[in-house]
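# Build me a model:
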Amino acid sequence: MKFKVMTLFPEMILNGLHTSIIGKAVDNNIISIEAVNIRDYSSDKHKHVDDYPYGGGAGMVMSAEPVYNCYMDICSNENTRVVYLTPTGHTFNQEMAKEFAKEDELIFLCGHYEGIDERVIEKIVTDKISIGDYVLSGGELASMVMIDAIARMVPGVLTNDESGCEESFENNLLEYPQYTRPRVWQGMEVPEVLLGGHHANISKWRKEESIKRTMKYRPDLLEKAQLSDREKQFLEKYKINL
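Just a heads-up that it's a prediction; the model follows:
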């Protein structure tokens, strides 16, 4: 899968994504990440890519032409989805990560200053996405978050086939707590059920812990969670005892 990022700070993208799991996936040619400097497509002799906003107001606005020229140079297929990172977009979630991971190529557009001329957004953008209800200095960090989440869903990126199936937000549940050695740490013990080797009991405990965590921290997710009748009964009992 190919990720292409249109940005004013390509080194920020490349330095941030060429480590850990994503970096290994790049090294193994499972995914590719290309960061392209929009400033290289400016016709201004000083490589300016912004100008004052029509109608007045604070700050500067990124011009349409350099963004469009950059897009035309890197887009290899007119059906490629172009993601614009903006607080006005739909909030990114795990289901979106799975959906985007089915694409062969994605282009990310990172804005700066007070935004980008709306005309080029209308011309090339297919998806407006936000990673949360807050404002960042630019779209680079948001694009890195999305690329990390999407890449994990690409076959071969995670070495353990089950790693992507038992994480938080799978089936709209938060992940159960994890433990490792030693068995006792500062007086706190690993739950006994995890020590017995009874896989059915461990699976049941993990699912119940996921339900409890979700109820405590993200009860909104439970509306879409697929629970068995037994799990629904467990949830109702847990609510009563809260």
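# and the one residue sitting closest to the centre of the chain, what does it touch?
Closest residue to the average C-alpha location of the chain: M146 at 2.8 Å, with Cα atoms, centre = their mean. M146 is in contact with 83, 85, 92, 97, 100, 108, 129, 131, counting by Cβ atoms under 8 Å, 6 or more residues apart in numbering. Where you see a C-beta, it was placed from the backbone N, CA and C, and this is true even at glycine.
# so which two of those residues are the farthest from each other?
Pairwise distances across the contacts of M146 peak at 14.5 Å for L85 and A97 (criterion: Cβ to Cβ).
# higher neighbour count, the two?
Per other Cβ atoms under 10 Å, whichever of L85 and A97 has more neighbours is L85, with 27 against 21.
# Am I right that that one sits in a strand?
Yes: with DSSP: H, G, I helix; E, B strand; the rest coil as the criterion, L85 is assigned to a strand.
# mind checking how far the residue nearest to it when sequence neighbours are not counted is from T7?
Nearest in space to L85, with sequence neighbours left out and distances taken as Cβ to Cβ, 6 or more residues apart in numbering, is G139 at 3.4 Å. Shown here: G139 relative to T7, a distance of 7 Å by Cβ to Cβ, to the nearest Å.
# go on, A142?
Taking Cβ to Cβ as the measure, A142 falls 11 Å from T7.
# D27 too?
The spacing between D27 and T7, counted by Cβ to Cβ, is 22 Å.
# Those two: which is more packed in?
T7 (26 against 9).
# N37 is in contact with the more buried one, correct?
Yes: T7 lies in contact with N37 (Cβ atoms under 8 Å); the separation is 6.9 Å.
# where along the chain do the helices fall?
10-17, 20-27, 64-74, 94-100, 118-124, 140-151, 199-217, 229-241 (DSSP state H).
# Tell me which of the ones you listed sits most buried.
Among the helices of the chain, helix 140-151 has the highest mean neighbour count (mean count of other Cβ atoms under 10 Å), at a mean of 22.
# average pLDDT for that helix?
On average, the pLDDT along helix 140-151 is 98.
# Also stretch 184-197?
In this model, stretch 184-197 has an average pLDDT of 96.
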